[in-house]
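A.B. asks: Here is my input; please provide its structure:
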Amino acid sequence: MNCMLCSKLFQEYLDNTLSEELIHELNLHMEHCSRCRVFFRTYSLTVTLSRKVEQPCCPSEETMERLTALLCDKLCSLHGKRP
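C.D. replies: This is a model prediction of the structure:
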């Protein structure tokens, strides 16, 4: 398991839809990869908090662009890359 595959499986992991084998591989990878552990904690917290708030009906284009840029910067910094 590599970091890219690990991060792609986070939502399925939270939804409890992964096979036992993939759960084991994901847990094993995160046990040894601090970046994926941090990313998973951040991801799961974001999902949990987003389920608790009432979503606006229509975020503005400016808001979406700012959020996209922030997420891109954060993900790039986690992986040591810049766009």
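A.B. asks: C-alpha from now on. contacts and neighbour counts both.
C.D. replies: Noted.
A.B. asks: where in this structure is pLDDT low?
C.D. replies: 55-57, 79-83 (pLDDT under 70).
A.B. asks: which stretches of it form helices?
C.D. replies: For the chain, helices defined by DSSP state H occupy the ranges 3-8, 10-14, 20-32, 34-52, 61-78.
A.B. asks: now these in CSV, with mean neighbour count?
C.D. replies: Output for those, formatted as CSV (neighbours: other CA atoms under 10 Å):
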stretch, mean neighbour count
helix 3-8, 14
helix 10-14, 16
helix 20-32, 14
helix 34-52, 14
helix 61-78, 12
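A.B. asks: Would you enumerate the residues in contact with the residue nearest to the spatial centre of the chain?
C.D. replies: The C-alpha lying nearest the average C-alpha coordinate of the chain belongs to Tyr43 (CA atoms, centre = their mean; 3.7 Å). Neighbour list for Tyr43: Phe10 [criterion: CA atoms under 8 Å, 6 or more residues apart in numbering].
A.B. asks: do you know how far Thr42 is from Arg51?
C.D. replies: 14 Å (CA to CA, to the nearest Å).
A.B. asks: returning to what we had before: do you know how far the residue nearest to the centre of the chain is from Gln11?
C.D. replies: For Tyr43, the distance to Gln11 - CA to CA - is 9 Å.
A.B. asks: just Met30 next, same as before
C.D. replies: 15 Å.
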